[in-house]
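> Give the three-dimensional model of this entry:
(one chain, ligands or ions: 2)
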Amino acid sequence: MHRRLIVPGALGAAVLMLAIPASAAGHSPGAPGIGDPYYPAYGNGGYDVSHYDLRLTYQPATDRLEGTATLLARTTQDLSRFNLDFLLDVGEVRVNGAPAAFATSGEHELEITPKTPLAKDTPVTVVVRYSGVPSSKKAYGFTSWHRTPDGGIGANEPEAAWWWFPSNDHPLDKATFDVSVQVPDGTQVISNGTLQSTSSRLGWTRWNWRSDKPQATYLATLAIGRFDLTTGTTESGIPVVNAYSKDLGAHAGAARASVERTGEVADWLAGYFGPYPYNALGGYVPNTGTGYALETQTRPFYSPRQFTNGSNVSVVVHELAHQWYGDLVSVRGWQDIWINEGFARYAQWLWSEHEGEGTARELADYTYASHPADDPFWTVRPGDPGPDDQFHLAVYDRGALAVQALREAIGDEDFFTVLKGWPAKYAHGNASVADFRRYAEEVSGKPLAALFDTWLYEPVKPAASAARSASV
Ligand code: ARG
Ligand code: ZN
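Ligands and ions are numbered 1, 2, ... in the order given. All right, here's what the predicted structure looks like:
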């Protein structure tokens, strides 16, 4: 037993421990949320996961996913029970080898009560056996699992994991991943990182993917379907694996003409942001009608809709910029989304300049002018947009205007020092908008509170001169 109980009076500790519940003995339940102000139920308290091992089987004909998740974690408090975030049907849970009781609660909570309470700061292994049809599960009325004619895809932000693996679903708890999925021969499986191997038997092929750098749960992705894979290597030596649904129709050419430039774009971005942080790279384009793309770690998800009008390298720039701004350095809380989207958009402006399609300054002026002062666009505060406006256009475009304003306030030399220094400073960790302001102030030696207020927090259109006036 790990309980250390100071027993008042003459009662023996052993007797008392049998008589009172674990919580009363100093062990308490882990919080059902990690403490995110936008999403109080996301993530959980009391432990930290270091590794997810997912060994699964998927049947495209029925969208049925089943298998075992093994989580390696460490407790951060004495725990009588703890939660995971998950939606599929759980058959069995073991904690440190012993069967554990479990129940569901809330929109996506799996409550696990180990046989023996867990002491603070000890390793814990959690095995969850599960099955289910991800496309049949909803939380808060929506699903992040996209069914396709030949399979399915898990990709969304800020929530995607609940539909395919149990997790501590918040960017504050990053972990490494092994994702091994068995599918019928002739079907392909795409995930993050490196394809370690494939093997076939009895009509099934198992695909073994490994993402061996810390990865936020929303950046883990799984796509099953009929894909063509292409392989290559960047000039800087990073292996590239891309995947395209065999069913992209008229979009196939434009998709390849864009995503095949992944290596070139990553090398170009490294010039601004520092060395590419991972040892695997690529992108995948499934046959889905989904509207967004997503910076899933090492291997972004692109929707065919991005390629409706021909090639779109700009979206590749955006998702790859997130590999530094979002994936390597992740938000501390979801209110910090500007650090992701403002910089990924700004990278697209730099790419436009590189391609001779308009400079960053020109695009900033154009964006500023295209929203009149009474446009509700200006009421969104990119530095704290609220959960309903987390991906509002203003987070991207006003967010990039804020980056341009910072550049003009501190000058190009300090600006590009900040751009490259930030990913290194918080590599594989988390940081907030306030951390970013402090870092830019440290590099430039200039107070920047007024500039950040003007561009990220005031719900009004900043005066045209705001960038320059804030710097004096
Ligand atoms: N981070 C993604 C991107 O800009 C946006 C994802 C938006 N998610 C959504 N469900 N709309 O690349
Ligand atoms: Zn983005």
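
> Flag every residue of this structure that's near ligand 1.
Proximity of the chain to ligand 1, by CB under 6 Å from any ligand atom, involves residues Asn156, Glu157, Tyr292, Ala293, Leu294, Glu295, His318, Glu319, Glu341, Phe391. C-beta: built from backbone N, CA, C; applies to glycine.

> Could you export those as CSV, including distance to Thr75?
Formatted as CSV, the residues of the chain next to ligand 1 follow (distance: CB to CB, whole Å):
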residue, distance to Thr75
Asn156, 29
Glu157, 28
Tyr292, 36
Ala293, 37
Leu294, 31
Glu295, 31
His318, 38
Glu319, 35
Glu341, 34
Phe391, 34
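
> And those residues, which of them are buried?
Asn156, Glu157, Ala293, Leu294, Glu295, His318, Glu319, Glu341 (16 or more other CB atoms under 10 Å).

> from the residues you listed, which are also near ligand 2?
Checking these against ligand 2 by CB under 5 Å from the ion, the ones in range are Glu341.

> Show me which pair in the buried ones among the residues of the chain next to ligand 1 is furthest apart.
The span of these, defined through CB to CB, is set by Asn156 and His318 at 16.4 Å.

> What separation is there between Gly326 and Gln215?
Using CB to CB, to the nearest Å, Gly326 is found at 11 Å from Gln215.

> ditto for Gly386
From Gly386 to Gln215 the distance is 27 Å (CB to CB).

> quick one: which of those two has more around it?
Between Gly386 and Gln215, counted using other CB atoms under 10 Å, the more crowded position is Gln215 (25 against 13).

> The more buried one pairs with what?
Ala175 (DSSP bridges).

> pretty sure it contacts Asp327?
Yes - using CB atoms under 8 Å, Gln215 is in contact with Asp327, at 7.5 Å.

> list the residues that contact both of these two?
Residues touching both Gln215 and Asp327 by CB atoms under 8 Å, 6 or more residues apart in numbering: Gln297.

> Show the contacting residues for Thr234.
Thr234 makes contact with Val240, Gly263, Glu264, Ala266, Asp267, Tyr276, Leu281, according to CB under 8 Å, 6+ apart.

> Kindly provide the distance from it to Asn192.
Remark: distance between Thr234 and Asn192 (CB to CB) = 17 Å.

> Please spell out which residues along the longest helix seen in the chain are buried.
Of all segments of type helix in the chain, defined using DSSP state H, the longest is helix 393-425. The neighbour-count check on helix 393-425 (16+ other CB under 10 Å) flags 394-410, 414-415, 418-423, 425 as buried.

> Mind listing what's buried along the helix or strand following that helix?
Going down the chain from helix 393-425, the next helix or strand is strand 429-431, by DSSP states H and E. Neighbour counts using 16+ other CB under 10 Å place Asn430, Ala431 of strand 429-431 among the buried residues.

> avg pLDDT for strand 429-431?
Mean pLDDT, strand 429-431: 98.

> just stretch 34-41 next, same as before
On average, stretch 34-41 scores 98.

> what element comes up after the lowest-mean-pLDDT helix or strand in the chain heading to the C-terminus?
Here the helix or strand of the chain ranked lowest by mean pLDDT, DSSP states H and E is helix 13-19, holding a mean of 41. Using DSSP H and E, the helix or strand that follows helix 13-19 in sequence is strand 47-59.

> in that following strand, what counts as buried?
Tyr47, Val49, Tyr52, Asp53, Leu54, Leu56, Thr57, Tyr58, Gln59.

> And stretch 191-202, by the same measure?
Buried, per 16+ other CB under 10 Å, within stretch 191-202: Ser191, Asn192, Gly193, Thr194, Leu195.

> picking up where we left off before, which secondary structure elements does the longest helix of the chain contact?
helix 262-273, strand 329-331, helix 338-354, helix 360-369, helix 433-444, helix 449-452, helix 466-471 (3 or more CB pairs under 8 Å, 6 or more residues apart in numbering; DSSP states H and E).

> So for that helix, mean pLDDT?
In this model, helix 393-425 has a mean pLDDT of 98.

> So that helix, near ligand 2 or not?
No - for a cut-off given as CB under 5 Å from the ion, helix 393-425 has no contacts with ligand 2; the smallest distance is 7.0 Å.

> Could you check which residue of the stretch 101-250 of the chain lies nearest ligand 1?
Here the stretch 101-250 of the chain gets closest to ligand 1 at one residue, Glu157, 4.3 Å apart by CB to the nearest ligand atom.

> That residue against Thr296, yeah?
No - Glu157 lies out of contact with Thr296 (CB under 8 Å); the separation is 9.2 Å.

> Export stretch 189-196 to PDB, keeping only CA atoms.
Extracted C-alpha coordinates of stretch 189-196, given in PDB (Å, rounded to 0.1, in the frame of the first residue of the first chain):
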ATOM      1  CA  VAL A 189      -2.800   3.000 -43.500                       C
ATOM      2  CA  ILE A 190      -1.400   6.400 -43.000                       C
ATOM      3  CA  SER A 191      -0.200   7.900 -39.800                       C
ATOM      4  CA  ASN A 192       2.500  10.200 -38.300                       C
ATOM      5  CA  GLY A 193       6.200   9.700 -38.500                       C
ATOM      6  CA  THR A 194       8.100   6.800 -40.000                       C
ATOM      7  CA  LEU A 195       6.700   3.600 -41.600                       C
ATOM      8  CA  GLN A 196       8.700   1.000 -39.800                       C
END
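
> that older thread, mind listing what the closest residue to the residue of the stretch 101-250 of the chain closest to ligand 1 other than its chain neighbours touches?
Spatial nearest neighbour of Glu157, excluding adjacent residues (CB to CB, 6 or more residues apart in numbering): Tyr218 at 5.3 Å. Tyr218 sits next to Asn156, Glu157, Pro158, Glu159, Ala160, Ala161, Asp169, Pro171 when contact means CB under 8 Å, 6+ apart.
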